[in-house]
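Asker: could you look at this predicted model? Sequence included:
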Amino acid sequence: MIRLALSDMDNTLVPFGRKAASPRTVAAIRACQEQGVDFGPASGRDRGEIASFFDGDKSLFNTGVLVNGQKVYYLGEVVYEKTLPRDQLREVERVVAPLRGCALITYRDNAFGDWVGDTRDALGEMYERAFICGGSHHRTLPDYPVIKAGIIVMDDDLLPRLAERLSALCPDLVFPNTVVHWLDVSPKGWGKAEGVAILQRVLGLGDEEVCVFGDADNDLGMLERFPNSCAVANANANASAAARWHVGASAEDGVAVALEQIADAARRHNETGEDALPAFMRA
């Protein structure tokens, strides 16, 4: 039986560009919770940003694996966090800040972003997407411990070359392209899979009791690690190939439909003791 369901947010649970989870998604999460199935986001975002997708209702994201596994929450409390190496962030700043249409962003207070690099106007549409809870422009990288960081790259041709250059300069960091015009800045050898494993241990669950949903390269670790892994129909080729199961597209509430089926299976188990599989796992 599935006892923990974790979903990526952007382009998985919520279509990219949409500002909130659909009513069907919220209802499906609550249906899971009512049957004793924990739900949480598994996202590159932190808690303050996640709140905006759920109209601030913490009951929908009290548990989760955030900042690509660098921050793990259980019942609203941080049970694990991992910071980024300061010296290598300085290297990223040195390379990125002078580039046109680029910015290095570090986040504090769960959501507020500080950035070095090009102007707000030059960051275009990505400004609103990167700074959901506001942002502040700086001449140099602010001095505080950084858990979450990312890079805006408005030139699509530059993006892979920049990721390659930064990877060579910063051996302890990786720079996956997770959404358009964006590179995550994450610790090498650490990702969502490691964060999910920490939450799994907190809850005392086996691998088969965890179900994960994703769509992009920063989801690959957890899609490959957990047997009940699911890719949405709009997932990239890598995520689709890594997943055991496949559900509908983000824009069609694919994860919500799967969560409804997980809740139905849990209900049958609770009522009859039958160890039933959700419908999408029987297809």
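Answerer: Noted; the coordinates are in hand. Please read these numbers as outputs of a predicted model, since none were measured by experiment.
Asker: which ones are touching D118?
Answerer: 99-103 (Cβ atoms under 8 Å, 6 or more residues apart in numbering). Where C-beta positions appear, they are placed from N, C-alpha and C, glycine not excepted.
Asker: quick one: buried ones out of those?
Answerer: Buried members of these, counted by 16 or more other Cβ atoms under 10 Å: 99, 101-103.
Asker: what about the helix ranked longest in the chain, average pLDDT?
Answerer: Secondary structure of the chain per DSSP state H: the longest helix is helix 254-272. The pLDDT scores in helix 254-272 average 97.
Asker: and for stretch 97-111?
Answerer: For stretch 97-111, the per-residue pLDDT averages 90.
Asker: from the middle of its chain, how far away would the lowest-mean-pLDDT helix or strand in the chain be?
Answerer: Between all helices and strands in the chain, the lowest mean by mean pLDDT, DSSP states H and E belongs to helix 126-130, at a mean of 87. With Cα atoms, centre = their mean, to the nearest Å as the basis, helix 126-130 stands 16 Å off its chain's centre.
Asker: export it as CSV, just CAs?
Answerer: Presented in CSV, the C-alpha positions along helix 126-130 are these (Å, rounded to 0.1, in the frame of the first residue of the first chain):
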residue,chain,number,x,y,z
MET,A,126,11.7,35.1,-15.4
TYR,A,127,11.8,37.8,-12.8
GLU,A,128,8.2,37.1,-11.7
ARG,A,129,8.7,33.4,-11.8
ALA,A,130,12.0,33.5,-9.8
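Asker: which strands and helices sit next to that helix?
Answerer: If you count contacts as 3 or more Cβ pairs under 8 Å, 6 or more residues apart in numbering; DSSP states H and E, helix 126-130 packs onto strand 149-153.
Asker: how far out from the middle of the chain is the strand it packs on?
Answerer: Taking Cα atoms, centre = their mean, the mean C-alpha location of strand 149-153 is offset from the chain mean by 15 Å.
Asker: downstream of that strand, the next helix or strand is which one?
Answerer: helix 158-169 (DSSP states H and E).
Asker: low-scoring stretches of this structure, by residue?
Answerer: Under the criterion pLDDT under 70, the flagged ranges of the chain are 110.
Asker: now the helices: where do they sit in it?
Answerer: Using DSSP H, helices in the chain cover 23-34, 47-53, 86-96, 120-123, 126-130, 158-169, 192-203, 220-225, 237-242, 254-272, 279-282.
Asker: now do the buried residues in the least confident helix or strand of the chain.
Answerer: Neighbour-count burial for helix 126-130 flags 126-127, 129-130 (criterion: 16+ other Cβ under 10 Å).
Asker: swap in stretch 8-16?
Answerer: 8-15.
Asker: dump those to a markdown table, plus distance to E34.
Answerer: Rendered in a markdown table, the data for those read as follows (distance: Cβ to Cβ, whole Å):
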| residue | distance to E34 |
| --- | --- |
| D8 | 23 |
| M9 | 22 |
| D10 | 27 |
| N11 | 27 |
| T12 | 23 |
| L13 | 19 |
| V14 | 22 |
| P15 | 26 |
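Asker: now for the residues you listed: which two are most distant?
Answerer: For the buried residues of stretch 8-16, with distances taken as Cβ to Cβ, the pair at the greatest spread is D8 and P15 (12.0 Å).
Asker: outline the domain layout of the protein.
Answerer: Using automatic domain parsing, the domain parsing of the chain gives 4-81+190-282, 86-187.
Asker: start to end distance for the last one?
Answerer: Read it as domain 86-187. Its first and final residues considered, domain 86-187 spans 12 Å by Cα to Cα, to the nearest Å.
Asker: how far away is P41 from G64?
Answerer: 4 Å (Cβ to Cβ, to the nearest Å).
Asker: and the residue positioned nearest the centre of the chain, what is it in contact with?
Answerer: The centre of the chain sits closest to S43, judged by Cα atoms, centre = their mean, with a distance of 1.4 Å. If a contact means Cβ under 8 Å, 6+ apart, then S43 has 8-10, 50, 64-68 as its contacts.
Asker: and the spatially closest residue to R268 that is not a sequence neighbour, how far is that from D38?
Answerer: Nearest non-adjacent residue to R268, counting by Cβ to Cβ, 6 or more residues apart in numbering: A276, 4.6 Å away. From A276 across to D38, the span is 18 Å (Cβ to Cβ).
Asker: ok, those two, which is more surrounded?
Answerer: D38 (21 against 17; other Cβ atoms under 10 Å).
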